[in-house]
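Student: Based on what follows, work out the 3D shape:
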Amino acid sequence: MITIAVDCMGGDHGPSVTLPACRKFLDARPQAALVLVGLPEALRGFAHPRVTLIEASEVVTMDDPLEVALRKKKDSSMRVAVQQVKDGSAQAAVSAGNTGALMAISRYLLKTLDGIERPALSGQIPNALGGATTVLDLGANVDCTAPQLLQFAVMGSALVSVMQNKPDPSVGLLNIGSEIIKGNETIREAGDLMRAAALAGDLNFFGNVEGNDIFKGTVDLVVCDGFVGNVALKTGEGLASMIGGFLKAEFSKNIFTKFAAVVAYSVLSALKSRIDPGRHNGAALLGLRGVVFKSHGSADSLAFANALLRAYDAVDHKLLERVQTRLAHAAPLLAGLHTDTENAVPSLP
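Tutor: Down below sits the predicted model:
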């Protein structure tokens, strides 16, 4: 029995989405149990033989500063959910809440794995091959050093090997060109480190890739800083929204555009479905001593259920153990590369 703790209050919609999603998930995974955390009035009336309810008195909002989420709201549904993982009551936690707060709380409670300076947010972006390209970081770390990008590559390789059953996934470093000399100093240094990792057998490094390679599916994993990764993610989400808006607009015009829309409808609808971000919802916070997944804040019940499924599969396929194994293998290369002294997790009074 795999148990997942759920922050039922997080996200744009809170319990109106998370609770129906939990029922969908329980129906799909009869060997799973859930620990639902939320305000008493939100959880009242929810009953299921494989569900435990835990009340929290506070909620981390999408606008809360990290200081408030980490230091002042110590009984928030988000923090209590992650605490279940620390205590061993759950094997994973899932939240659609404030990304920065989830990162800070998870890092404070669970700590990072040996050899990792900062956790990274890793998710999937649909590609032209009919699958999805795994990308990290997706927004947890706006500025990254070259050693941190190497750490992301090692952790991301473990994630892809587990979730997509690819023992030796290909890794690309996002750049403005494929040539080694391209990019700023940090990217060039990261490329050197990844090539060294490839020679040591720690990484299947493809080389530099460009933004279009994410959507082409050139490699299994693309590594970048959180600023660039988040822009790429939102671009993909915007494309799905644009197609939906196009179909709606064309059906409202004259008879000729309506006819064209009818002809193109099935093709465009299939494309929209393939690139729908909800299908791939659920980003892993890699580098922690526990499994935590972040759902998109605007996820509907189907998308949030998909995030729960991804968290379940990560535990079922022993993601944490696989990440630790890869990090241990790469330890000689990672040793001495730590550079992050400004972003240590603040200690609580």
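
Student: where along the stretch 151-300 of the chain do the strands fall?
Tutor: Counting by DSSP state E, counting those that start in this stretch, the stretch 151-300 of the chain has strands at residues 170-174, 204-209, 221-223, 283-286, 291-294.

Student: Validate this expectation: C144 resides in a helix.
Tutor: No: assessed by DSSP: H, G, I helix; E, B strand; the rest coil, C144 does not belong to a helix; its assignment is coil.

Student: what about S106, which helix or strand?
Tutor: Using DSSP states H and E, S106 falls within helix 99-110.

Student: Could you pull up the mean pLDDT of that helix?
Tutor: What helix 99-110 shows for mean pLDDT is 95.

Student: Are there helices or strands packed against that helix, and which ones?
Tutor: Under the contact criterion of 3 or more CB pairs under 8 Å, 6 or more residues apart in numbering; DSSP states H and E, helix 99-110 touches helix 66-67, helix 77-87, strand 283-286, strand 291-294. C-beta here means a position set from N, CA and C on the backbone, and glycine is covered the same way.

Student: and for that helix, what are the contacting residues?
Tutor: The set of residues external to helix 99-110 that reach it, using CB atoms under 8 Å, 6 or more residues apart in numbering, is 10, 60, 64, 66, 69-70, 78-79, 82-83, 85-86, 93, 95, 118-119, 121, 139-140, 285, 288-290, 292, 294, 297, 345-346, 348.

Student: how about a cut-off of 6 Å?
Tutor: Helix 99-110 has contacts (CB atoms under 6 Å, 6 or more residues apart in numbering) with 60, 66, 69-70, 79, 82, 86, 95, 119, 140, 285, 288-290, 292, 294, 345.

Student: and if you look at stretch 19-33?
Tutor: Here stretch 19-33 has contacts from M1, I2, T3, L34, F46, R50, S301, F304, A305, L308, Y312, using CB under 6 Å, 6+ apart.

Student: before we move on, back to that, and the helix holding S106, how far out from the chain middle?
Tutor: 13 Å (CA atoms, centre = their mean, to the nearest Å).

Student: now that helix against helix 77-87, angle please.
Tutor: Helix 99-110 runs at 30 degrees relative to helix 77-87, counting by axes from the mean of the first three to the mean of the last three CA atoms, to 10 degrees.

Student: For S95, give its distance to V60.
Tutor: S95 is 9 Å from V60, where distance means CB to CB, to the nearest Å.

Student: Please identify which of these two sits among more neighbours.
Tutor: Applying other CB atoms under 10 Å to S95 and V60 shows that S95 carries more neighbours, namely 32 against 27.

Student: most centrally placed residue in the protein?
Tutor: Centroid-nearest residue in the chain, with CA atoms, centre = their mean: A283, separated by 1.4 Å.

Student: pretty sure A307 belongs to a helix, no?
Tutor: Yes: according to three-state DSSP, A307 belongs to a helix.

Student: Any chance you could list residues touching both of S95 and V60?
Tutor: Shared contacts of S95 and V60, defined by CB under 6 Å, 6+ apart, comprise M78.

Student: what's near enough to touch the residue nearest to K294 when sequence neighbours are not counted?
Tutor: Spatial nearest neighbour of K294, excluding adjacent residues (CB to CB, 6 or more residues apart in numbering): A283 at 4.7 Å. By CB under 6 Å, 6+ apart, the contact set of A283 is L121, S122, G123, L138, K294.

Student: try 7 Å
Tutor: L121, S122, G123, L138, F293, K294 (CB atoms under 7 Å, 6 or more residues apart in numbering).

Student: The fourth one and F227 touch, don't they?
Tutor: No: in this structure L138 lies outside contact range of F227 using CB atoms under 7 Å: 10.1 Å.
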